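S.K.: sequence and predicted structure, then a few things I'm wondering about:
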Amino acid sequence: MTTLTHPTSHRPMLIVAPLAVALGALGGLAAGSGAFVGVGAVTGLLWAGLAALLARPLLRLRGTVAADVTALGAALVVALTFGAGLVQHVMYPTPEAYLSLMRSPASGGATGLYMVLNPLVEWLLMPAALALGWHHPRRRRLLLAAATVYYLQRLTTYLYFAPTVLSWAHGGTLAAVGLWINLDLARMALDLAVVTILSTAVITRKR
């Protein structure tokens, strides 16, 4: 007897697939090239197709530790990005210092870190956490809340934060940098909220 006959079993993919395409396109938009928008959207579409093929065996894992591992994994990676951002703000608290950092070779290390960690949550851990925890009603609500906050944060990143930082290589006023820094602190608060909600979702499953 399969666990996949329940009509809600496939609903996570109805959420994940459009998100994958949208995030891919927005990632291309943040890179500042119209060609990258198309490439990103196609990549998201291909990823969604692959995820659909893997959804059936993935959903069979529900009720196992896999649900906890994916949710905690997502929380851990988001916490790492929060910590990296916090360190930057502490070490470079003024617009002058932060702008100098972004124009120096050292900024490449931070960019590389975010390019690895953010897609890991966007494309793998958050969708997997939704799929594996979907059958538990209370946990599903918490996971949906965490995903909503997280993807809204990513939306602001692609539309404002990433393009603005990339533009600093050729310009950028100190007033604009100061505004970015203040808004980034609010974005980091969203990361902290995601970590809290995901951790609560794991605890909820134990009850």
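M.R.: The structure has been received and is ready for your questions.

S.K.: burial of residue 91, as a residue count?
M.R.: Using other Cβ atoms under 10 Å, the number of residues around residue 91 comes to 10. Just so you know, the C-beta spots here come from the backbone N, C-alpha and C atoms, and that holds for glycine as well.

S.K.: okay, it and residue 100: tell me how far apart.
M.R.: 11 Å (Cβ to Cβ, to the nearest Å).

S.K.: ok, residue 173 next?
M.R.: 14 Å.

S.K.: ok, residue 45 next?
M.R.: For residue 45 relative to residue 100 (Cβ to Cβ), the value is 40 Å.

S.K.: so those two - more neighbours on which side?
M.R.: residue 45 (16 against 13).

S.K.: and the next helix or strand past the host helix or strand of that one?
M.R.: If you go by DSSP states H and E, residue 45 is part of helix 34-59. For helix 34-59, the following helix or strand on the C-terminal side (DSSP H and E) is helix 65-91.

S.K.: list the helices and strands the longest helix along the chain packs on?
M.R.: Identified as the longest helix of the chain according to DSSP state H is helix 174-205. With contacts taken as 3 or more Cβ pairs under 8 Å, 6 or more residues apart in numbering; DSSP states H and E, helix 174-205 sits against helix 65-91, helix 95-102, helix 126-133, helix 137-156, helix 162-167.

S.K.: ok, and which of these has the densest surroundings?
M.R.: Burial of these is given as mean neighbour count (mean count of other Cβ atoms under 10 Å); helix 126-133 ranks first at a mean of 26.

S.K.: give me the pLDDT value at the residue most central in space within the chain.
M.R.: Nearest to the mean C-alpha position of the chain, counting by Cα atoms, centre = their mean, stands residue 122 at 4.0 Å. On the pLDDT scale, residue 122 is placed at 86.
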